[in-house]
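Student: I would like the atomic coordinates for the input below:
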Amino acid sequence: MHFSLSQHSLSTFFALIIAFTSVALPSLAEETPTAGVEVRNCVKLKSGKARLIDETIKKCKKNEKLVYLKFPSGFVAFPGAKGAGILSGKGAPKTEMGNIGDFYLDSENYKLYGPKNETEIWGSGVSLIGPQGPAGFGGGGSRGPQGETGATGPQGPAGITTLGYNGYFIDDSIETITTTAKAIPFNTTIFSNGVSIANNAEGTPRKTRITFAYAGKYNIQFSSQIFNQGKKGVTFSLWLSKTGTAVPDSATDVLVGTDTVSERQVIAWNFFVDAAANDWFELTAVASDSVQIYSGASTNSGRGAPDIPGTILTINQVG
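Tutor: You can find the predicted model right below:
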């Protein structure tokens, strides 16, 4: 029997042996059924070379693996001068190879040819590769084959490509808030990108309008230092206006006492707004009596503290 596989393909060949026993092979008119036959070989694990053994040998050597073909009852082999054998090699068998009744294993393409006969010679061969099994699961074992790619979901909406619009502004004047509502001004721009402070429509215009050049969602954050000038307690109220109209539910009351030392207070909070291009907003305030937004020297100026702006305003785009 002719039987030789490389070490690289040995483990694959063991699996092919099992598949081989279930392959239905063509028959010819002159075939003669035989009884069940078992062909036994000891295959060297290192070289892949095989030696034929009979049924009296139960175990192979330490460096060998027992491999056998068991042909069921009714299987037909074509006897040749040297008996039926199994040849192997890479690619399809050549016509002159083997004897009548031999089989040939293509170890490169995993196809089985034979039995060789006088008319069709080797035939077209039978593939020994079955369909791909399902994907394996994790754990201690080997990883299974890749499963099918899932369906692609719908395209999402376009995202924001620019979030760089911002501004930083202060007002270093002393602004007096009375019983008539007025907008808080910002007379100095520290830096800005897409946000500016525009004049209002008063007789003597002041820079009160926080104006957005581009549509988007913005965070308007401010802080102001206020104090009473030694009069009775005062209620100070501040809210957000959009294009001259108060934004609903945006006001906050702050109570300022009569002690100018202990009742100097800082108010600070923020508003999120959804602005269209060229929309403008104002911080609007009113008081129950006169109260000041303080701007000037810090009482810790002698210890290195810088001056105090009346109001600090920062704008950041968030969407």
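
Student: could you say what helices and strands the host helix or strand of Ile170 packs with?
Tutor: Secondary structure from DSSP states H and E places Ile170 in strand 166-171. The helices and strands touching strand 166-171, judged by 3 or more Cβ pairs under 8 Å, 6 or more residues apart in numbering; DSSP states H and E, are strand 188-193, strand 195-199, strand 311-317. For every residue, glycine as well, the C-beta is placed using N, CA and C.

Student: now with 6 Å?
Tutor: Secondary-structure packing of strand 166-171 (3 or more Cβ pairs under 6 Å, 6 or more residues apart in numbering; DSSP states H and E): strand 188-193, strand 311-317.

Student: which one of those is the most hemmed in?
Tutor: Across these, averaging neighbours per residue (mean count of other Cβ atoms under 10 Å) puts strand 311-317 on top, at a mean of 21.

Student: can you tell which of the helices and strands packed on strand 166-171 is closest to Phe169?
Tutor: Phe169 lies closest to strand 311-317 among the helices and strands packed on strand 166-171, at 4.5 Å (Cβ to Cβ).

Student: and the closest one, which strands flank it?
Tutor: If you go by DSSP bridges, strand 311-317 pairs up with strand 166-171 (antiparallel), strand 216-227 (antiparallel).

Student: show the average pLDDT along the strand holding Ile170.
Tutor: Averaging pLDDT along strand 166-171 gives 97.

Student: list the buried residues of that strand.
Tutor: For strand 166-171, the buried set under the neighbour-count rule, 16 or more other Cβ atoms under 10 Å, comprises 166-171.

Student: could you dump the residues you listed into a markdown table and include distance to Leu45?
Tutor: Shown next, in a markdown table, are those (distance: Cβ to Cβ, whole Å):
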| residue | distance to Leu45 |
| --- | --- |
| Asn166 | 72 |
| Gly167 | 77 |
| Tyr168 | 77 |
| Phe169 | 82 |
| Ile170 | 84 |
| Asp171 | 88 |
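
Student: make CSV out of the helices and strands packed on strand 166-171 and add distance to Leu105 and mean pLDDT.
Tutor: Converted to CSV, the helices and strands packed on strand 166-171 look like this (distance: least, Cβ to Cβ, whole Å; pLDDT from 0 to 100):
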stretch, distance to Leu105, mean pLDDT
strand 188-193, 74, 96
strand 311-317, 70, 97
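
Student: tell me the pLDDT at Leu163?
Tutor: 77.

Student: mind listing what it touches?
Tutor: Listed by Cβ atoms under 6 Å, 6 or more residues apart in numbering, the contact set of Leu163 reads Gln317.

Student: and it, which of the three is it?
Tutor: Following DSSP: H, G, I helix; E, B strand; the rest coil, Leu163 is assigned to coil.

Student: enumerate the positions of stretch 106-117 that are buried.
Tutor: So, applying 16+ other Cβ under 10 Å, buried residues of stretch 106-117: 106-107, 110-117.

Student: surely Pro115 and Tyr104 touch.
Tutor: No. Pro115 is beyond contact range of Tyr104, at 9.4 Å (criterion: Cβ atoms under 6 Å).

Student: if we can go back for a sec, quick one: contacts of the strand holding Ile170?
Tutor: Outside strand 166-171, the residues that touch it by Cβ under 6 Å, 6+ apart are 185-193, 195, 197, 309-316.

Student: again, only using 7 Å
Tutor: Contact partners of strand 166-171, identified using Cβ atoms under 7 Å, 6 or more residues apart in numbering, comprise 184-193, 195, 197, 295, 309-317.

Student: between that strand and strand 195-199, how many degrees?
Tutor: On the basis of axes from the mean of the first three to the mean of the last three Cα atoms, to 10 degrees, strand 166-171 is oriented at 40 degrees to strand 195-199.

Student: next structured bit after the lowest-mean-pLDDT helix or strand in the chain?
Tutor: Every helix and strand of the chain was ranked by mean pLDDT, DSSP states H and E. The lowest is helix 7-20, at a mean of 43. On the C-terminal side of helix 7-20, the closest following helix or strand by DSSP H and E is strand 37-44.

Student: nearest to Ser223 among the buried residues of stretch 106-117?
Tutor: The closest of these to Ser223 turns out to be Tyr110 (Cβ to Cβ; 77.4 Å).

Student: touching, the closest one and Gly125? I think so.
Tutor: No. Counting by Cβ atoms under 7 Å, Tyr110 sits too far from Gly125 to count as a contact (9.8 Å).

Student: domain ranges for this protein?
Tutor: Here the domain parsing of the chain from automatic domain parsing is 7-25+32-127, 166-317.

Student: least confident of these, on average?
Tutor: For the domains of the chain, mean pLDDT drops lowest on domain 7-25+32-127, to a mean of 70.

Student: which strand residues bridge Arg40?
Tutor: Bridge pairing for Arg40 - DSSP bridges - gives Ile53, Tyr68.

Student: kindly report the same for Asn270.
Tutor: Residues in beta-bridge contact with Asn270 (DSSP bridges): Gln221.

Student: just the one 4 residues further on next, same as before
Tutor: For Asp274, the beta-bridge partners are Lys217 (DSSP bridges).
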